[in-house]
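> Predicted model, plus sequence, below.
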Amino acid sequence: MTTSPFGKVITAMVTPMTPDGAVDRAGVDAVVEHLVATGHDGVVVNGTTGESPTLSAAESIDVVRRVKETAGGRLKVTAGVGSNNHAHAKEMADRATDAGADGLLVVSPYYNKPPQAGLLAHTRALADAARLPIMLYDIPGRTATPFAVETLLALAEHPRIVAVKDAKGDLWASSQVMAATDLLWYSGADEANLAHLAQGAHGIVSVVGHVTGRENAELVAAVEAGDLPRAREIHHRLIPVTNAIMGTSQGAIMAKAALVELGIIKYPTVRLPYTEGPGEHLEILRKGMAASGIGGRA
């Protein structure tokens, strides 16, 4: 059986915050315990859903260290270290490694829109210097720069580049790379979880998984067992909550609101430029969770 340094059932974790905007360290602990209890074997910190653009470097590393200590070996901890500043990405990779991360998440550089040659050189250089396995993060809807098929094929030759979190929305491109390489593939978009798993993905890096961890674990297990009817049933059942969290506002905003609904964290606080959702979004969330069988606060 193929093993992974990242896990299979993974959630891209929010960074809980207190009403004054500080990182809520008790909230971090609570989310980690919740993820462990709901079927996860991995977690990504300091990703998009962790509001990484608004965290300082010191805060990001403190979150990695805190999650690692709280998880106590029960979860693989992957740290988001990508940047559009090559030197900063390298520095963050070193610091996250020293803080105890098990793997690194490297997103394509955002805003500066490098050509594929630059993307290839940037990522290779990061991998050359890294001490941990790397999961690439392909999300051109946020970065404007996709990892082209040819770029992924070239990067797959690097011994420390071992996985891809795919939020590109191009299943055919994914198929081509999976067929030609040993890269571990992860669905990075909840609406595509079943499609990616059915064509050979190793696992899921979810946002909705904050509240659907058990269901995500069941989905992965069903596909691995060849039970596609069961997998479809789970996938269809999660449509309302997935739409509520991913289709209403931003995933980080709605995932925090959902964790408050479950009583896992105290505050739905997000940092600007995010703002907490209005009441009508909360109502959509509650209805979506109920329709998918996800319970509210006890």
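That came through, no problem.
> Could you tell me how many residues sit around residue 226?
As a burial measure, residue 226 scores 8 neighbours (other C-beta atoms under 10 Å). The C-beta positions use only the backbone N, C-alpha and C, and glycine is treated the same way.
> any idea how far residue 189 is from residue 32?
Going from residue 189 to residue 32 by C-beta to C-beta, to the nearest Å gives 23 Å.
> So between the two, which is more surrounded?
Summary of the neighbour comparison: residue 189 and residue 32, criterion other C-beta under 10 Å, with residue 32 having more neighbours (24 against 21).
> which stretches of the stretch 1-150 of the chain have low pLDDT?
Residues of the stretch 1-150 of the chain that meet the criterion pLDDT under 70 lie in 1-2.
> All the helices of the stretch 151-298 of the chain, residue numbers only.
Secondary structure of the stretch 151-298 of the chain, counting by DSSP state H, counting those that start in this stretch: helices at 171-180, 193-198, 209-224, 228-237, 239-246, 251-261, 279-291.
> Adding mean pLDDT, write these out as TSV.
Below are those laid out as TSV (pLDDT from 0 to 100):
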stretch	mean pLDDT
helix 171-180	98
helix 193-198	98
helix 209-224	98
helix 228-237	98
helix 239-246	98
helix 251-261	98
helix 279-291	97
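> what's the closest of the ones you listed to residue 127?
Between residue 127 and the helices of the stretch 151-298 of the chain, the shortest separation by C-beta to C-beta is 16.6 Å, and it involves helix 171-180.
> Off-centre distance for stretch 56-69?
On the basis of C-alpha atoms, centre = their mean, to the nearest Å, stretch 56-69 is displaced by 16 Å from the centre of the chain it belongs to.
> tell me which residues of that stretch are tucked away?
Of the residues in stretch 56-69, those buried by neighbour count under the rule 16 or more other C-beta atoms under 10 Å are 59, 60, 61, 62, 63, 64, 65, 66, 67, 68.
> Nearest to residue 135, out of the residues you listed: which one, please.
Looking at these and their distance to residue 135, the nearest is residue 64, at 14.7 Å (C-beta to C-beta).
> count of residues packed around the residue lying closest to the closest one once chain neighbours are set aside?
Excluding the flanking residues, the one nearest residue 64 by C-beta to C-beta, 6 or more residues apart in numbering is residue 99, at 4.4 Å. The burial count assigned to residue 99 is 19, neighbours taken as other C-beta under 10 Å.
> Would you quantify the distance from residue 99 to residue 69?
When C-beta to C-beta is applied, the distance between residue 99 and residue 69 equals 10 Å.
> Quick one: residues contacting residue 177.
Contacts for residue 177 were tallied using C-beta atoms under 8 Å, 6 or more residues apart in numbering; they are 149, 152, 153, 156, 164, 183, 185.
> contacting residues around residue 272?
For residue 272, the contacting residues are residue 54, by C-beta under 8 Å, 6+ apart.
> likewise residue 125?
Residue 125 sits next to 86, 90 when contact means C-beta under 8 Å, 6+ apart.
> Show the subsequent helix or strand relative to the helix or strand where it lies.
Assigned by DSSP states H and E, residue 125 belongs to helix 116-129. Scanning forward in sequence from helix 116-129, with DSSP H and E defining helices and strands, the next element found is strand 134-138.
> That following strand - which strands sit beside it in the sheet, and in what orientation?
Strand 134-138 has these partner strands in its sheet, going by DSSP bridges: strand 103-107 (parallel), strand 161-166 (parallel).
> Output those in CSV; the columns should cover mean neighbour count and distance to residue 81.
Compiled in CSV, the strands paired with strand 134-138 are given as follows (neighbours: other C-beta atoms under 10 Å; distance: least, C-beta to C-beta, whole Å):
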stretch, mean neighbour count, distance to residue 81
strand 103-107, 26, 5
strand 161-166, 26, 13
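> Let's have the ones you listed in TSV, adding distance to residue 137.
Formatted as TSV, the entries for the strands paired with strand 134-138 read as follows, by distance: least, C-beta to C-beta, whole Å:
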stretch	distance to residue 137
strand 103-107	4
strand 161-166	5
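> what's the closest of these to residue 237?
Comparing the strands paired with strand 134-138 against residue 237 with C-beta to C-beta, the closest turns out to be strand 161-166 (22.9 Å).
> Dump the C-alpha coordinates for that closest one into CSV.
The C-alpha atoms that make up strand 161-166 are tabulated as CSV, following Å, rounded to 0.1, in the frame of the first residue of the first chain:
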residue,chain,number,x,y,z
ILE,A,161,8.4,16.8,-4.7
VAL,A,162,6.0,13.9,-4.0
ALA,A,163,2.4,15.2,-4.1
VAL,A,164,0.0,17.7,-5.6
LYS,A,165,-3.0,19.4,-4.0
ASP,A,166,-5.2,20.0,-7.1
